[in-house]
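# Requesting a structural model of the entry that follows:
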Amino acid sequence: MVDVLFFADLRDKVGHEKLSFDTSGITVKELKDQWLKSYDLENLDNAMIAINEEYAEEDAILNTGDTVAFIPPVSGG
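Numbering: from 1, shown residues only. Prediction:
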């Protein structure tokens, strides 16, 4: 299992803070293409990616037990 965490507007779009997928050995890009394409996540490509609380790139390979976080850009005032 790979857990995927969403924050801010991504969490609102998905309707959940966390989703779990029975997958491993794929890249973050493949996770986005295979599993997350069914959600309307227009900010997903702009989001920072973290795997197990360390920043990562889309070509990082996911393993069973990993936690992936998508952190969208935020603005404030």
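
# Quick one: neighbours of Leu62, just the number.
If you count neighbours by other CB atoms under 10 Å, Leu62 ends up with 22. Just so you know, the C-beta spots here come from the backbone N, C-alpha and C atoms, and that holds for glycine as well.

# I'd like to know how far the spatially most central residue of the chain sits from Glu58.
Centroid-nearest residue in the chain, with CA atoms, centre = their mean: Phe70, separated by 4.1 Å. To Glu58, Phe70 is 11 Å away according to CB to CB, to the nearest Å.

# between the two, what contacts are shared?
Common neighbours of Phe70 and Glu58, using CB atoms under 8 Å, 6 or more residues apart in numbering, are Ile49.

# For the residue nearest to the centre of the chain, give me its contacts.
Val4, Leu5, Phe6, Phe7, Leu10, Leu44, Ala47, Met48, Ile49 are the contacts of Phe70 under CB under 8 Å, 6+ apart.

# try Asn46
Taking CB under 8 Å, 6+ apart as the definition, contacts of Asn46 comprise Pro72, Pro73.

# For Leu31, see how far away it is.
Asn46 is 16 Å from Leu31, by CB to CB.

# Asp22 too?
From Asp22 to Leu31 the distance is 12 Å (CB to CB).

# No further questions, thank you.
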